[in-house]
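Student: quick check, what structure comes out for this input:
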Amino acid sequence: MHVTALNIAPGRRLPMRSVGEVVAEAGTGLVGDRYHGTRHRHVTVQSQELLDRAAVDLGYAFDQAQTRRNVTVDAGEIPTRPGTRLLIGDVLVEVVRVSAPCRLLDDWIGAGAAAALRRRGGSACRLLTSGTIRLGDRVEVLTDSESE
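Tutor: Model (predicted):
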């Protein structure tokens, strides 16, 4: 898996802004994002492959930024089990919970979007290490022994 899109928004309901890289601060969040400084929801991760499947269900394509997730990877399933760790470039993150799609997606993307994205919305994660996440970074799901 590789990072294909990075998005941040400075506040709730403000448009997402596509960036080529973003600074990740351990225990704090992505610099410039609305969740910077929150307790656990530091970064959200989703899969373009799953978004493409949702687009088929909807009958039309939509931009990945409309889901309001921070990191989009090219393919694969995003782990949703709390405690699972991912290495995004050199930044270690840990899944906190499923990032369930909200009903506002029906307003932003179109009717039925929230339903089409159910079980495809990715995961909310906490940042365990600091670093810079960049477009093209490799993303690895770590086994328990690799993440310790």
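
Student: can you map out the strands along this protein?
Tutor: Ranges of strands in the chain, per DSSP state E, are 3-8, 17-18, 21-25, 29-30, 43-47, 71-73, 85-88, 91-98, 123-127, 131-134, 139-141.

Student: state the mean pLDDT of the fifth one.
Tutor: Within the predicted structure, the mean pLDDT of strand 43-47 is 92.

Student: go on, stretch 96-103?
Tutor: 77.

Student: contact partners for G32?
Tutor: I8, P10, V19, V22 (Cβ atoms under 8 Å, 6 or more residues apart in numbering). Using the backbone N, CA and C atoms, a C-beta is placed for each residue, glycine as well.

Student: mind giving me the ChimeraX command for buried ones among these?
Tutor: In ChimeraX, this line selects whichever of the contacts of G32 come out buried by 16 or more other Cβ atoms under 10 Å:
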select :8,19,22
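
Student: and the least confident of the contacts of G32?
Tutor: P10 (87).

Student: nearest to R41 among the contacts of G32?
Tutor: Nearest to R41 among those: I8, at 13.3 Å, using Cβ to Cβ.

Student: from R138, how far off is the residue nearest to the closest one when sequence neighbours are not counted?
Tutor: By the measure of Cβ to Cβ, 6 or more residues apart in numbering, the closest residue to I8 outside its immediate chain neighbours is D33, 4.0 Å from it. In this view, D33 and R138 are 22 Å apart by Cβ to Cβ, to the nearest Å.

Student: which residue of these two possesses the greater neighbour count?
Tutor: Higher neighbour count among D33 and R138: D33, with 24 against 12, using other Cβ atoms under 10 Å.

Student: state the distance from that one to V23.
Tutor: According to Cβ to Cβ, D33 and V23 sit 10 Å apart.

Student: same check, this time on T132
Tutor: Taking Cβ to Cβ, one finds T132 at 6 Å from V23.
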